[in-house]
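**Q** Please find the sequence and the predicted model below.
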Amino acid sequence: MAEDNPTPATDPTPAPTPAPETQPTPSPVDTQRVASEARAEFLKSLGFDNEDDLKGLVEQHNKDVAANQSELEAKSTELDKVTGKLGSAEAERDSALAQVAALKQGVAEDHLNDALALAKADLAGKANGVKTIDDALAGVLERNPSFKGEQGATGTAVAGQNLGGGGNPTVTKAQVLAMSTAEQVEFQSQHPDQFKQIFS
């Protein structure tokens, strides 16, 4: 006996595979149009109708800045000139006041420049606690009575040292070198032998 095995019937046509879903193709974007619209919207948000208005404002601003800078530089130069003139006028005034103070204290005209130079050096260095030109001149005249034009008076411009006056003072080469040229000349004229001995 034969077995009846039913064989499954095969369908000669295969089952159709589902077609992939197709996405609709996006329409091409006009990037230039989108950029132009975005730029226009941005300009309107800033209060401008178009790019030319914005460019005009920027150019005007740059011109204003340049004009202000030129004006500022001119004013600065003018201020520098005025400040320089003021400084010069103050220096002339101070010099004139110092000369008057020296003449009031009896400084001879021949020694006026030397006395003033020494007094200004003392004042600048606060030598012996001087605070005014009058105090400085008094100290210089104390050390150098010859600046008053008195005959026979000797002294030194070096603060705290008396190189002149009776006898032959003991002076070192370093002390002479520390003197101004005018002081060295005065010391040499008053003590020629000692000056030669120091520098021989």
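**A** Great, that's in hand.

**Q** Can you tell me the SS state at Thr22?
**A** Here Thr22 is coil, with the state taken from DSSP: H, G, I helix; E, B strand; the rest coil.

**Q** For the nearest residue to Lys131 once chain neighbours are set aside, give me its contacts.
**A** The shortest distance from Lys131 to any non-neighbouring residue, by Cβ to Cβ, 6 or more residues apart in numbering, is to Leu123 (7.9 Å). Backbone N, C-alpha and C define where each C-beta goes, glycine included. Residues in contact with Leu123 (Cβ atoms under 8 Å, 6 or more residues apart in numbering) are 130-133, 136.

**Q** measure Leu123 to Leu116 for me?
**A** Using Cβ to Cβ, to the nearest Å, we find Leu123 at a distance of 10 Å from Leu116.

**Q** what about the most centrally placed residue in the chain, helix or strand, and which?
**A** By Cα atoms, centre = their mean, the chain has its centre lying nearest to Asp80, at 13.4 Å. Assigned by DSSP states H and E, Asp80 falls within helix 51-104.

**Q** now the residue nearest to Lys131, what's its secondary structure?
**A** Here Leu123 is helix, with the state taken from three-state DSSP.

**Q** what separates it from Ala101, distance-wise?
**A** As judged by Cβ to Cβ, Leu123 and Ala101 stand 11 Å apart.

**Q** swap in Ala119?
**A** Distance of Ala119 to Ala101, computed by Cβ to Cβ: 8 Å.

**Q** Overlap in contacts, those two.
**A** Common neighbours of Ala119 and Ala101 (Cβ under 8 Å, 6+ apart) are 133, 137.

**Q** any idea of the pLDDT on the closest residue to Asp53 other than its chain neighbours?
**A** Excluding the flanking residues, the one nearest Asp53 by Cβ to Cβ, 6+ apart is Leu43, at 7.7 Å. Note for Leu43: predicted pLDDT of 81.

**Q** my guess is Leu43 contacts Leu54, does it?
**A** Yes: between Leu43 and Leu54 there is a contact under Cβ atoms under 8 Å: 6.3 Å.

**Q** now the lowest-mean-pLDDT helix or strand in the chain, how far from the chain's geometric center?
**A** Taking mean pLDDT, DSSP states H and E as the measure, helix 173-178 is the helix or strand of the chain with the lowest mean score, a mean of 76. Mean-position distance between helix 173-178 and its chain equals 38 Å (Cα atoms, centre = their mean, to the nearest Å).
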